[in-house]
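[1] Next come a sequence and a model predicted from it.
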Amino acid sequence: HTTMLDDLPITAVSQEEMTPARNTKASGKEKSTVKKDVYDSDIRNAELVIDAHSVDPFEVMRIQKYDDVPMARAGDDIIVRVEASTVSDVDCRIRDGTYKWKFGGKPSFPMCPGLDCVGIISSVGTLAIKSGLDVGDRVAALSMNGCTAKYVNLKIDEVIKVPDDVDAAEAVTVIRTYTAAFQCLMHNFRGMNRYSRKPL
């Protein structure tokens with residue numbers, strides 16, 4: 001069924017003042033290379049969170065709002081303003097508690113679901129800039145949680161660029177579908193052979 005966000009409770013949260021992300025310096029002066037305006041009139045963060053496991057989303061889901069827009073702190077941080085994200089069976093299993101997390105990857109409550117996203121970079125660290133990522137770039141990510149938010153904090157090795165002329169809603173549907181197909185094709189391969197392009 002369809003979940004209407006207007007029916008969910010809203011909680012306001014105050015965050016400490018964030019450190020500005022753009023700290024690249026050239027000849028002792030700050031350098032800013034913003035490609036485009038990626039903000040609208042309300043730049044505060046908001047996310048859909050769950051406070052406990054339940055089969056009924058209305059028992060545990062709420063919208064949490066913050067007073068500040070998140071900014072990159074570490075050099076490899078990337079803040080992405082989400083344009084599109086999916087809702088899948090994995091999200092439902094995470095919510096009801098039946099999803100099996102690996103390697104201690106289960107986040108604590110309140111937990112923000114959302115496996116994947118496509119969005120515009122709004123803040124970057126210095127290492128991200130050196131890797132070729134910058135404010136205004138459109139990227140896609142498969143992060144397993146946290147993408148049902150206005151902004152999501154990612155690392156440079158978690159994103160890949162998306163062409164500007166590709167629709168965000170169409171692009172985000174490819175992420176998990178491609179990953180699942182790739183894993184099925186390469187299931188019996190080991191080592192570097194697992195990343196061979198021959199099955200594709």
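    Cool, got the structure.
[2] Return the alpha-carbon coordinates of stretch 116-126 using CSV.
    Taking Å, rounded to 0.1, in the frame of the first residue of the first chain, the C-alpha atoms of stretch 116-126 are listed here in CSV:
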residue,chain,number,x,y,z
ASP,A,116,19.7,3.8,-2.6
CYS,A,117,19.5,7.3,-3.9
VAL,A,118,20.3,9.6,-6.7
GLY,A,119,20.9,13.3,-5.9
ILE,A,120,23.0,16.4,-6.2
ILE,A,121,26.2,16.9,-4.1
SER,A,122,25.7,20.0,-1.8
SER,A,123,28.8,19.7,0.3
VAL,A,124,32.2,17.9,-0.1
GLY,A,125,35.5,17.4,1.7
THR,A,126,38.9,18.1,0.3
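[3] what's the distance between it and the middle of its chain?
    When C-alpha coordinates are averaged (Cα atoms, centre = their mean, to the nearest Å), stretch 116-126 and its chain have centres 8 Å apart.
[4] what does the biggest helix by length in the chain rub up against?
    Ranked by number of residues, the top helix in the chain under DSSP state H is helix 168-185. Helix 168-185 is contacted by residues 83-86, 88, 90, 115-119, 138, 140-142, 162, 199-200 when judged by Cβ atoms under 8 Å, 6 or more residues apart in numbering. Bear in mind the C-beta positions are built from the backbone N, C-alpha and C, glycine included.
[5] before we move on, what about stretch 141-153?
    Under the criterion Cβ under 8 Å, 6+ apart, residues 44-48, 69-70, 72, 77-82, 85, 87, 91, 94, 105, 107, 111-119, 122, 154, 158-160, 175-176, 179 lie in contact with stretch 141-153.
[6] What subset of the residues you listed is buried?
    Buried members of the contacts of stretch 141-153, scored by 16 or more other Cβ atoms under 10 Å, are 45-48, 69-70, 72, 77-82, 85, 91, 94, 111-119, 122, 154, 158-159, 175.
[7] Those residues in helices, which ones?
    91, 94, 175.
[8] so what pLDDT did the last one get?
    What it means is residue 175. The score at residue 175 is 90. That number is its pLDDT.
[9] same thing with the second one?
    pLDDT, residue 94: 90.
[10] wait, isn't it in contact with residue 113?
    Yes: using Cβ atoms under 8 Å, residue 94 makes contact with residue 113 at a distance of 5.6 Å.
[11] list the contacts for residue 53?
    Neighbour list for residue 53: 60, 95-97 [criterion: Cβ under 8 Å, 6+ apart].
[12] Any figure for the gap between it and residue 61?
    The span separating residue 53 from residue 61 equals 11 Å under the rule Cβ to Cβ, to the nearest Å.
[13] Flag the shaky bits of this protein, pLDDT-wise.
    When the per-residue scores of the chain are filtered using pLDDT under 70, the ranges that remain are 1-43, 103, 191-200.
[14] Show the contacting residues for the nearest residue to residue 91 once chain neighbours are set aside.
    Nearest residue to residue 91, sequence neighbours excluded (Cβ to Cβ, 6 or more residues apart in numbering): residue 113, at 4.6 Å. With contact taken as Cβ under 8 Å, 6+ apart, residue 113 is in contact with 48, 50, 91, 94-95, 145-148.
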